[in-house]
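1. model the following, please.
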Amino acid sequence: MNLGLSRFSTVVILIIVAALSRVVPHPFNFTPIGAMALFGAAQFNRKIFAFMIPVVAMLLSDALIGNPSFPTYFSFALIAGFGVVYLKKLNAGRLLTASIAASVVFFIITNFFVWFGGTMYPQTWQGLIGCYTAGLAFYQQTFFGNLFLNTVMGDLFYNTLLFGAYYSIEKIAFKPTVA
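-> The predicted structure follows:
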């Protein structure tokens, strides 16, 4: 069966749908951000699209929810770059590792910018450590209890959803039919 979709358009549509899921009520930090970056990195042959399409999709969803953030975009780009290199040989183990790494990168980058650009913490090593410590405490009130469950579970959930949907569609839509 041929659904008339190209692999490229399938990946783009899945990323846009994932980005739009950000406007649906969800637990704090249980979002598709890291998964979108990794999925694009793994699926696009032209790696410029691995950065461009997920960022554009995120810009569109940010336009709807009104929450643009440079540190988020920066971490998103780093995650995509990591994914381009690390997910060249895609398998479940690498995807699991990349999902966890994406969550950690997001936490480190976004909290670094809270420390660097804010006035809540002194611009010292102790201030930076205090910021990261407060960042972990901040996540204790989240759905799964902390960052490493909320963000990691979100990345794992959305990676499973994106990659699973893609491979399901690929199996149905791109399989040559015998006449």
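
2. drop to CA atoms for contacts and neighbour counts, all remaining ones
-> Fine.

3. quick one: low-confidence parts of the protein?
-> The model of the chain has pLDDT under 70 over residues 1-5, 137-148, 174-179.

4. again, only this time at 80
-> In the predicted model of the chain, residues 1-5, 27-29, 67-68, 136-149, 173-179 satisfy pLDDT under 80.

5. next, give phi and psi for M120.
-> With angles defined as degrees, to the nearest 10, M120 sits at phi -70, psi -30.

6. these two touch, right, G130 and P122?
-> No: in this structure, G130 is not within contact of P122 by Cα atoms under 8 Å, at 9.0 Å.

7. let me know the secondary structure of H26.
-> Secondary structure assignment for H26 (DSSP: H, G, I helix; E, B strand; the rest coil): coil.

8. now it: how far from G154?
-> As judged by Cα to Cα, to the nearest Å, H26 and G154 stand 10 Å apart.

9. ok, the two, which is more surrounded?
-> For H26 versus G154, neighbours defined as other Cα atoms under 10 Å are more numerous around G154 (24 against 12).

10. residue contacts, the more buried one?
-> By Cα atoms under 8 Å, 6 or more residues apart in numbering, the contact set of G154 is 29-32.

11. if I look at it, how far off is W125?
-> Noted for G154: a distance of 30 Å to W125, by Cα to Cα.

12. find the residue at the geometric middle of the protein.
-> G34 (1.4 Å; Cα atoms, centre = their mean).

13. list the contacts for that one?
-> By Cα under 8 Å, 6+ apart, the contact set of G34 is 76, 79, 99, 102-103, 106, 155.

14. check which helix or strand it maps to.
-> If you go by DSSP states H and E, G34 is part of helix 33-43.

15. report the inter-axis angle for the helix or strand just after that helix versus helix 33-43.
-> With elements assigned by DSSP H and E, the helix or strand that comes after helix 33-43 is helix 47-65. Taking axes from the mean of the first three to the mean of the last three Cα atoms, to 10 degrees, one finds helix 47-65 and helix 33-43 inclined to each other by 150 degrees.

16. how about helix 47-65: buried residues?
-> 49-51, 53-55, 57-62 (16 or more other Cα atoms under 10 Å).

17. and whichever helix or strand comes after that helix with helix 33-43, angle?
-> As assigned by DSSP H and E, the chain's next helix or strand after helix 47-65 is helix 70-86. Here the directions of helix 70-86 and helix 33-43 differ by 30 degrees (the same axes, to 10 degrees).

18. going forward can the numbers begin at 318, since that is how I track them
-> Sure thing, new numbering starts at 318, so read that last one as helix 387-403.

19. and the helix or strand following helix 387-403, what does it pack against?
-> Note on helix 387-403: by DSSP H and E, the next helix or strand toward the C-terminus is helix 409-434. If you count contacts as 3 or more Cα pairs under 8 Å, 6 or more residues apart in numbering; DSSP states H and E, helix 409-434 packs onto helix 350-360, helix 387-403, helix 442-455, helix 464-490.
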